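**Student:** coords please:
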Amino acid sequence: MFCRKVIVILLLNLIFLTGCSSQEIKTDLQKNNSKSKVKFIELDSFYVTGISRIVNSENDKHLEDINNLWELFYQSKVTSKIEKLLSDNIYVIYSDYGSPGESDFRVTIGYKSQKNTTDNPELKAIVVDKNKYQVFSSSAVNQKALKKLYDEIEVKCKKRKYSFDFEVYETNLLNVPKKVKLFINVF
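**Tutor:** Sure, this is the predicted structure:
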């Protein structure tokens, strides 16, 4: 049940992020007809600095909280507040998952950075520990493509840790996502 709620949250984030109409999504899917690719990778630890909030998936307010976090991310021009960016890709980190039965977790939207290179109290640096990840990717960035990826995760990702999961959105010059990779922390 908890997994499905997180998936719904992520799908709503993508709808907000892309702002696509159903016709645009249909056209994008027809053009890309993208099949996701799955692989395993071990990554060294890294920092993501950005806007961060604790959300709770037990009530409907979490959906609004995450949408508000995306709005704040774009309105606050996070890139200008981080001195040492390592990438222009947008990272969405899901961390601090509660124990089974609890539904609080942290969502951080930001950029890969050297450390928390800002004194701005609005921003938080998250250290993503060295871990093994199962990686799912898609060249389509829309509601249906992301739903397909998370459906695959439910089927194929049997050893999920629930410590750090994250999405990486490759963006175009206007900072609009064009590709997505989902990194699911596994044992």
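
**Student:** all contacts plus neighbour counts: C-alpha atoms, from now on.
**Tutor:** Noted.

**Student:** Tell me the confidence at Val78?
**Tutor:** Listed pLDDT for Val78 reads 88.

**Student:** and if you look at Thr27?
**Tutor:** At Thr27, pLDDT is 33.

**Student:** what's the answer for Phe73, then?
**Tutor:** Phe73 is assigned 92 on the pLDDT scale.

**Student:** Run through the helices of this protein in chain order.
**Tutor:** All helices of the chain, identified by DSSP state H, fall at 2-18, 22-32, 61-75, 143-156.

**Student:** For those, which has the smallest mean pLDDT value?
**Tutor:** helix 22-32 - the lowest mean pLDDT of these, at a mean of 35.

**Student:** list the contacts for Ala125?
**Tutor:** Going by CA atoms under 8 Å, 6 or more residues apart in numbering, Ala125 touches Tyr47, Val48, Thr49, Gly50, Lys115, Asn116.

**Student:** wait, what's in contact with the residue lying closest to Gly98 once chain neighbours are set aside?
**Tutor:** Nearest residue to Gly98 in three dimensions, chain neighbours excluded: Asp104, at 5.5 Å (CA to CA, 6 or more residues apart in numbering). Applying CA under 8 Å, 6+ apart to Asp104 gives the contacts Ile54, Val55, Asn56, Ser57, Asp96, Tyr97, Gly98.

**Student:** What's the separation between Asp104 and Asn131?
**Tutor:** 22 Å (CA to CA, to the nearest Å).

**Student:** Distance-wise, check the residue nearest to Gly98 relative to Asn142.
**Tutor:** Counting by CA to CA, the gap from Asp104 to Asn142 is 26 Å.

**Student:** One more: Ile82?
**Tutor:** 28 Å.

**Student:** Over to Tyr162?
**Tutor:** 24 Å.

**Student:** Tally up the residues packed near Asp119, please.
**Tutor:** If you count neighbours by other CA atoms under 10 Å, Asp119 ends up with 11.

**Student:** per-residue confidence for it?
**Tutor:** With respect to pLDDT, Asp119 scores 77.

**Student:** Surely Asn131 is in contact with Arg160?
**Tutor:** No: assessed by CA atoms under 8 Å, Asn131 is found out of contact with Arg160, at 11.6 Å.

**Student:** Pull up the overlap in contacts between these two.
**Tutor:** In contact with both Asn131 and Arg160: Asn185, Val186, using CA under 8 Å, 6+ apart.
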